[in-house]
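# sharing a sequence plus its predicted fold:
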Amino acid sequence: MQGVELAGFGRRLAAQLIDLLWLLPLSVLLGTVGALLNGGELSLGGEAMANIIGALVVLLFWADRQGTPGKLVLGLRIVDAETGGPPRFSRLVLRYLGYLLSALPLCLGYLWMLWDARGQTWHDKMARTLVIQEPRRPPAAGRRG
């Protein structure tokens, strides 16, 4: 893909941190509901269900908006590495599962983008996706306050 600006490490990290602001409370809420339904104790099944719901929320953002709220706020978008269009849902699922591999060992898969010519992490490579910076819009001419 020519003519696109790849998202840098700093912006992608900032997007992840922004996403923590809404994902962490969501996880706590889902875990609490699961524990309450299980007589006050968090069960393995309840924890698994909370993780699955969290994953589905992220996948739905990716499928519908091509990014999580953190990416969208920073003008980032997940695209198919070959076409530049929205990735297929199956690739997004693979990308999400790739997060687990990217975290091992010592988050090397996330850091990989620092050395990769296309700025891809391991989960991007697995799903054949890129994270791009949306083109900046020029300010409107002739505006007067």
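Yep, that arrived. Residues are numbered from 1 along each chain as shown.

# what about the helices in the chain?
Ranges of helices within the chain are 9-37, 44-65, 69-73, 89-102, 108-111, 122-127, based on DSSP state H.

# who's in contact with the residue nearest to the spatial centre of the chain?
Centroid check for the chain by Cα atoms, centre = their mean gives residue 68 as the closest residue, at 5.4 Å. Neighbour list for residue 68: 15, 19, 58, 61, 62 [criterion: Cβ atoms under 8 Å, 6 or more residues apart in numbering]. In this view, the C-beta of every residue, glycine as well, is placed from N, C-alpha and C.

# the last one against residue 78, yeah?
Yes: between residue 62 and residue 78 there is a contact at 5.9 Å, judged by Cβ atoms under 8 Å.

# intersection of neighbour lists for those two?
Counting by Cβ under 8 Å, 6+ apart, the shared contacts of residue 62 and residue 78 are 87, 92, 95.

# surely the first one is in contact with residue 77?
No: here residue 87 lies out of contact with residue 77, judged by Cβ under 8 Å, at a distance of 10.4 Å.

# what about these two, which has more around it?
A count of neighbours by other Cβ atoms under 10 Å puts residue 87 above the other of residue 87 and residue 77, at 23 against 19.

# out of the contacts of residue 68, who's nearest residue 115?
Closest to residue 115 out of these is residue 15 (20.1 Å), distances taken as Cβ to Cβ.

# do you know how far that closest one is from residue 2?
Using Cβ to Cβ, to the nearest Å, residue 15 is found at 24 Å from residue 2.

# more neighbours: which of those two?
residue 15 (22 against 4).
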